[in-house]
Structure formats: structure tokens, C-alpha cells
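Asker: Please work out how this folds:
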Amino acid sequence: MAEQGDHSDVAPMETDSGAATADTDVPMSEESVGSVLKPKKTQEQLGELVKQYFFQLTTGCGKEGCDNAQCASNPATTPMAPNHAAAQALKLAGHDGVYTCLPTSVLTAESLRQLTERAKAGEIEPLKSTLYKTFSAPELLNACFLDRTRPGDPQLLGLDCDQCTEAAQLLGDLAAAGTVSNTMFHAVAQLSDQLRSVSTPSEARHIALLFELPIMLESDAYDNILPRLCRCTAGLPRDVQQALVQWWGSRSAERLQWILRMFHQFVTIRILMQSGDEDYSFNFDTNVIAATKVLELLHRANAKLATPLAASEFHNDAINENMNRIDDFTIWKGLNGPSEEPSISFCNYAFVLNVATKASIMNLENRWLQNQERRHAMLEALFQGRVNMYLKLSVHRDSVVRDAIDQLSMILLSSPRSLKKPLKVQFVGEEGVDEGGVQKEFFQIVLRDLFDPNYGMFSYDQEQRLFWFNPGSLETPAEFRLLGLVLGLALYNNVILDLHFPKLVYKKLLGVPVGLSDLEELNPMLFKSFNELLAYDKEDIQDVFPYHFVVEYEGLFGEKQQVELCEGGSSVPLTLENRRDFVDQYVRWLLHTAVESQFGAFKEGFFSVCAGAEALQLFDVDEIRLLLCGTEDLDFEALEKVTIYDGGYEPETPVIQWFWELVKNEFSEEDKKQLLFFSTGSDRVPVGGLSKLKFVIGKQGPDSDRLPSAHTCFNVLLLPEYSAKDKLDRLLRNAIRHAEGFGML
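Answerer: Next up, the predicted model:
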């Protein structure tokens with residue numbers, strides 16, 4: 001042991017019991033304290049030593065069970081307050097490195113830069129030696145790249161962002177040049193053999209630093225190093241995982257994206273390498289499971305970024321393209337009971353799934369729930385002597401809304417479970433069995449009528465082409481409840497709707513908080529005005545913004561209506577002090593209070609159908625909007641590639657070639673929408689685009705003057721084999737422009 005001498009001026013740290021522990025009473029190994037017989041330090045070196053002691057006193061060295069009485073990692077001591085630690089660090093620095101348990105020479109971004117410069121000049125061995133020594137020993141790596149300028153928080157890693165970014169860049173340049181690749185790989189391989197679960201954030205610094213290394217993108221790391229690192233990270237205590245989340249959330253979006261790419265590559269290669277094995281399921285692959293759990297930490301960290309990465313950055317193509325939906329759904333629902341081996345359902349990690357995969361999971365759940373209701377109906381039939389396997393609606397064309405309200409209201413009261421059955425719609429007096437096409441037309445008519453200005457249920461912004469709930473509507477909650485039911489039934493029966501709601505409707509529906517920023521889409525002028533008001537800081541605010549705590553809006557018949565935002569609001573002028581309160585109350589009134597009754601009934605109707613639909617939780621707000629409304633991406637090139645021909649037609653048949661020439665080159669966007677509506681019952685494009693649509697063109701006899709027709713329930717367009725392109729053009733346009741109830745089966 002190195003001799004410590006008389007250091008009576010060094011204050012002891014407090015133990016957990018509150019008793020003082022003198023440093024001279026704590027035995028310290030030669031490895032811990034180093035030698036006291038060292039040359040006199042420069043001012044700069046002393047400054048670094050003070051920083052090192054300060055960090056050690058406030059945060060600790062990160063070594064589990066450290067026995068140094070001057071270290072916060074010692075179980076018998078507690079971290080010092082910054083002021084006390086600063087004074088103590090100055091005293092300890094006067095005794096050189098006797099009381100430090102951190103290595104007195106650790107790797108920093110500065111020292112790595114100097115070693116790199118020496119390597120460029122031909123002195124490469126010091127660089128290789130330092131890198132191997134540092135990256136092969138967890139305790140040594142834990143002491144590198146630390147932020148010594150701030151008091152340590154025991155809940156954080158204590159790493160320096162700038163240093164780590166610079167070090168990652170330097171190591172990346174070295175890796176690109178091939179200078180130290182073998183050295184780093186062997187060092188990290190040795191360290192990976194020592195990976196163990198740790199109990200405190202400071203002990204996990206080496207784990208965080210390993211994820212920064214460029215060699216993790218190399219295929220050699222995928223065999224052992226990265227799998228071990230993922231399994232270790234996935235098994236860390238929650239508080240240590242949270243420290244990792246905080247750390248990644250403090251990095252730049254570019255750095256987080258780099259780490260994210262590493263995991264995507266690892267998962268993708270792991271899945272594709274096993275794709276030839278029929279017995280392989282990555283739901284049971286422990287390495288994929290561990291990597292996905294670490295991806296969840298990155299996803300949580302992303303939410304902490306000032307500008308988060310797009311949700312699509314977390315979608316993994318290999319998982320989405322190769323996942324067995326039924327198997328994953330079965331695991332998610334626990335339909336086969338507990339598994340004897342570790343397994344994962346990616347529905348519990350929905351951030352890796354794209355909207356098309358989530359939509360297929362929702363379809364599976366809908367079918368599963370519908371089958372449950374069928375079984376329930378069969379059991380009822382045993383006792384009641386009748387069975388109704390479907391939710392049947394019978395409506396008149398001239399009173400669709402009223403008929404739907406009456407029948408659905410009765411079902412809600414008498415048999416709400418029936419809403420979970422597959423929907424069948426019958427237009428009174430019309431022949432035909434609903435195989436999907438009739439219900440599509442039913443939804444179109446209901447929405448057209450409910451959003452009709454004569455109903456007065458919604459206000460419409462001509463510029464934004466968006467509807468919002470009319471606070472002055474005279475309609476009863478029944479109409480708004482019906483609209484919610486329609487949305488729920490459409491979602492449940494996989495029907496796309498032509499809705500023009502702002503995003504905030506879906507946010508409110510899913511319980512996501514809304515506020516001022518949501519006005520930008522709904523009412524850009526009001527949004528701009530509020531931001532100008534909040535930015536205004538001059539005393540003449542009342543002259544520029546002569547407002548009071550009052551909202552004025554137009555009533556149903558064009559009359560002006562006033563609502564006070566607070567008691568006596570008409571007498572409360574706008575001031576610099578209350579402008580934020582004014583904006584908050586105005587937005588709260590507009591988005592919540594004014595439409596509370598209408599939106600409440602709408603939401604009630606929606607969840608009358610969708611209550612218990614766990615798949616709904618897989619989607620974010622944008623995805624729910626896409627699922628309900630589809631897109632307007634009319635890519636008929638993609639549709640042509642997947643179209644099936646029937647009745648003797650082939651892609652080379654002249655009428656088929658004329659058809660595609662007309663549609664792709666001569667039809668306007670409106671013509672294309674009308675064609676899509678005529679053929680499928682909806683002018684909206686499903687999730688995944690037109691390439692996901694099963695579209696059939698069938699032969700409807702030889703040349704004739706008959707108009708084309710369609711089986712909308714099966715997405716089938718029927719074309720006679722017209723003799724000329726202009727004849728096809730004329731008759732097809734006539735058919736699609738008079739689509740409702742005509743030529744559609």
C-alpha cells in the first residue's frame with residue numbers, strides 16, 4: 001500500500017448512518033490510490049485532478065462496492081452537495097492522487113484526438129494500446145468521457161455528450177481507415193465476455209459507450225458482441241434503463257438515428273439469415289426479443305428530443321414483411337396459453353410495425369371478435385329458437401339517417417353486443433345481397449347527409465376543406481352519436497370513409513391532449529393571430545388587440561353569439577399580464593367547452609362499437625386517420641400491376657390496353673376518383689396504396705352499347721369488349737358519372 005502520511009486536513013465523508021469516516025482509516029490498495037511519489041503537477045493537471053475528485057465525491061467512480069471513503073460509490077457514504085464537494089476536492093488535490101479510485105489517466109476526447117494525431121505521424125502503438133486497455137475493461141471504460149463540470153446525479157450516467165460525439169467521430173474515422181479495427185474488435189469482444197447486469201447508472205456507462213462504437217455496424221459484431229450487449233441491456237434494472245433513456249434522449253437526432261440503424265441492421269440480418277428454416281419464428285428468437293426491448297428504450301428516448309425522429313424511422317421492414325400475423329396475434333392475445341419458452345408479440349412493441357401491418361392485426365381482431373359474437377348468437381339460438389348472425393340494417397334511400405338512428409338506437413338499448421357482428425345493409429325495395437358493396441354505399445350516403453349544411457351539425461372551412469363541430473347546432477345528440485357509430489362500424493368492417501376532419505378530432509377521440517398548436521390546421525388565421533398576440537410585449541396591447549374575455553361566433557342562422565370566457569369576461573380587457581390566460585381559455589372553449597355535448601355523443605357512439613378493441617391502441621393519431629379515411633394517392637400505375645383479368649381478358653387484349661391508356665393518360669384526378677368509387681364503392685385509397693387493392697376487370701360480353709357495370713363488394717369492373725377506344729371512353733365516363741345506385745351491385 002502506498003504511504004498516505006499525515007492528511008488531517010482532509011474532511012471525512014458522511015456515512016449512511018451519519019457517522020464520519022476518516023479517509024486515513026480506510027485501507028486503499030496500491031491499484032486504487034496509485035503512487036504518491038510523482039513529479040509535481042502543473043496547474044492544468046491540478047485542475048483536472050480537482051474535477052476528477054469533484055466528480056468522484058458527487059457521482060462516484062461507478063465501481064460496485066467501492067471501498068474508498070472519498071467516493072460516492074462507497075455503500076457507506078452518500079454523495080456530497082456541490083459546494084461541500086468543491087471544497088473537499090481542493091483539499092484532496094493537494095495530496096495528489098492518493099484518494100482517487102478513478103484511474104488518474106483515463107481516455108477523454110482530447111487525449112483520443114492527441115493519440116490519433118500521433119498515429120497519423122507513425123506512432124500507432126500508443127493508440128492501439130490505450131484503446132485495447134480501455135475498451136476491454138468495464139471499470140476503466142466507466143471512467144472515460146465523463147462530464148466533470150457538473151455535480152453528478154445518481155439517476156444519470158454522467159457522460160459528456162460533446163466528448164462522446166467527438167470520440168465516436170474519431171473512432172469512426174479510424175474504423176473507415178482500417179487503422180485499429182482488429183484492436184477494437186478484440187477489446188470489445190473481451191469486454192462483452194464480462195457484461196453483467198449492474199445495479200446503478202454509473203456502473204452502466206460502458207454499456208452506453210459500446211452502443212456508440214462504429215464496429216457495432218460490422219457483421220462480425222452480430223454473432224456474439226451485439227447479442228450479448230442487447231441481452232444485458234434488456235435485463236438491466238428499470239432505473240438503469242431509465243438512465244439510458246435519459247442519455248439517448250440528450251443526444252442529437254442524428255446520433256440516435258445512427259444507433260437506431262445499428263439495431264435495424266442487426267434484427268434484419270438475424271431474421272433474413274434464418275428465413276430458410278421453416279421451424280424458425282423470430283417471435284421466439286431471444287436475440288430479436290432482446291434487441292426489440294432495447295429498441296423500446298430508444299423509442300422512449302426519441303420522445304425527449306427537441307425534434308423527434310419520424311415514427312416511420314422505427315418501422316422494421318424485415319419484421320413487417322416476414323411476421324406471421326396470425327402467430328403474433330395468437331401470442332398477443334394469449335390464445336394458446338402460457339408459452340414454455342421466451343416469446344414476444346410485436347403488438348406489444350407496435351412502434352416497429354407500419355400502418356399496413358397494424359391494419360392487418362386489427363382485421364384479425366375484428367374477425368376474432370365477430371366469430372365470438374357468432375358463437376354467442378348460436379348459444380342464444382339453443383335457448384331462444386332463433387339466430388341472427390349479422391348486424392342487419394334495413395333503410396329507405398330517402399330516409400337513411402333517420403332509419404339508421406332508429407334501428408341503431410334500439411340495438412344499443414336491447415342488444416349492444418350485436419354491434420360486434422358483421423354488418424349487412426339492405427335498401428328497402430331493392431334487390432341484392434350485401435357482400436360489402438351495399439354497406440359502402442350506405443356509409444357514403446349517411447356521411448353526405450350528416451355533413452350537409454342544411455343539418456347544421458358542422459361548420460365548414462372552405463379554404464382548409466375541413467369540418468368542425470358547430471357549437472350552435474340544434475341537432476340532438478342522436479345524430480352525433482350516429483356519426484360516431486358510423487365511424488366505429490366502418491373501422492370494424494374495414495370500410496374507408498371520405499371524412500374531412502382535422503387531426504385534432506382523432507386526438508380527442510383517442511384521449512391525446514390538444515391545444516393551441518392544433519388550431520394551425522383547423523383555423524390558420526386564428527392560430528397566427530394568437531401567436532402574434534403572445535409575442536407582443538408593448539404596453540399599447542389594448543390598442544393593437546382590443547379584445548375582452550369574450551368569444552364571438554356565428555349562430556346557426558347567421559346571428560352573432562357571445563360567450564364570456566370567465567365571470568364578467570366582457571368587462572375584463574386584454575393586458576400583457578393576462579394574454580396567455582386569454583389564449584388558453586379561448587382555445588379551451590373552442591376545442592372543448594363549446595362542443596362538449598356534440599363531441600361527447602360522437603365519442604360515445606364510436607366506442608359503442610370499438611370498446612374492447614385492443615388493436616386500436618396500436619395506432620397513433622395519424623395512423624387512425626389514415627385507417628379510417630385512406631389516402632388520395634391515386635397511383636394507377638401500381639393498380640395496373642396487381643390487376644387480375646377474368647372472362648377471357650388478358651393484359652394484351654385491345655380493350656384492356658385502351659382502358660389503361662385512358663385512365664393513366666387522359667383521365668383527370670376527379671375522373672380517377674369517380675372510377676375508383678364506381679368500381680369499389682369508395683374513392684379513397686386503402687392503407688398501403690392501390691397496390692394493396694384486389695382489383696378485377698371482367699369481360700361483360702362482346703361489343704355492345706351497354707354501359708360498364710361493377711360488383712363493388714368484390715372490386716370487380718365489368719367491361720364489354722368494345723370495338724373502339726373512343727366508344728370505351730364515352731360509355732365508361734357516362735357510367736362513372738352516374739354511379740350512385742346505378743350499375744353497382
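
Asker: need the strands for the stretch 301-450 of the chain, in chain order.
Answerer: With DSSP state E, counting those that start in this stretch, the ranges of strands along the stretch 301-450 of the chain come out as 391-395, 423-427.

Asker: List the contacts of Gly276.
Answerer: Taking Cβ atoms under 8 Å, 6 or more residues apart in numbering, we find Gly276 in contact with no residue. Every C-beta, even on glycine, is put in place using the N, C-alpha and C of the backbone.

Asker: For it, give me the pLDDT.
Answerer: In this model, Gly276 is scored at 79, pLDDT.

Asker: Repeat that for Leu157.
Answerer: 88.

Asker: was I right about it contacting Arg205?
Answerer: Yes - because the distance of 5.3 Å satisfies Cβ atoms under 8 Å, Leu157 is recorded as touching Arg205.

Asker: Quote the end-to-end distance of stretch 53-68.
Answerer: Using Cα to Cα, to the nearest Å, the end-to-end distance of stretch 53-68 comes to 12 Å.

Asker: before we move on, the earlier item: rebuild the strands of the stretch 301-450 of the chain as CSV, extending it with mean pLDDT, mean neighbour count and distance to Gly456.
Answerer: Below are the strands of the stretch 301-450 of the chain laid out as CSV (pLDDT from 0 to 100; neighbours: other Cβ atoms under 10 Å; distance: least, Cβ to Cβ, whole Å):
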stretch, mean pLDDT, mean neighbour count, distance to Gly456
strand 391-395, 92, 19, 22
strand 423-427, 90, 20, 26
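
Asker: Make TSV from the ones you listed and add distance to Phe266 to it.
Answerer: Formatted as TSV, the strands of the stretch 301-450 of the chain follow (distance: least, Cβ to Cβ, whole Å):
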stretch	distance to Phe266
strand 391-395	46
strand 423-427	44
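
Asker: Out of these, the one nearest Leu474 is which?
Answerer: Proximity of the strands of the stretch 301-450 of the chain to Leu474 was assessed by Cβ to Cβ; the nearest stretch is strand 391-395, lying at 23.5 Å.

Asker: Using PDB, write out every CA atom in the closest one.
Answerer: Extracted C-alpha coordinates of strand 391-395, given in PDB (Å, rounded to 0.1, in the frame of the first residue of the first chain):
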ATOM      1  CA  LEU A 391     -76.000  -6.800 -37.600                       C
ATOM      2  CA  LYS A 392     -78.800  -6.100 -40.100                       C
ATOM      3  CA  LEU A 393     -79.900  -2.600 -41.100                       C
ATOM      4  CA  SER A 394     -82.900  -2.000 -43.400                       C
ATOM      5  CA  VAL A 395     -83.100   1.600 -44.700                       C
END
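
Asker: Look up the pLDDT of Gly34 for me, please.
Answerer: For Gly34, pLDDT reads 35.

Asker: same thing with Thr21?
Answerer: 37.

Asker: just the one 5 residues further on next, same as before
Answerer: Val26 carries a pLDDT value of 34.

Asker: Can you check what angle separates the helix ranked longest in the chain from strand 423-427?
Answerer: For the chain, the helix that runs over the most residues, judged by DSSP state H, is helix 355-384. Helix 355-384 and strand 423-427 are oriented at 80 degrees to each other (axes from the mean of the first three to the mean of the last three Cα atoms, to 10 degrees).

Asker: buried residues in helix 355-384?
Answerer: For helix 355-384, the neighbour count (16 or more other Cβ atoms under 10 Å) marks 355-362, 364-366, 369-370, 373-374, 377 as buried.
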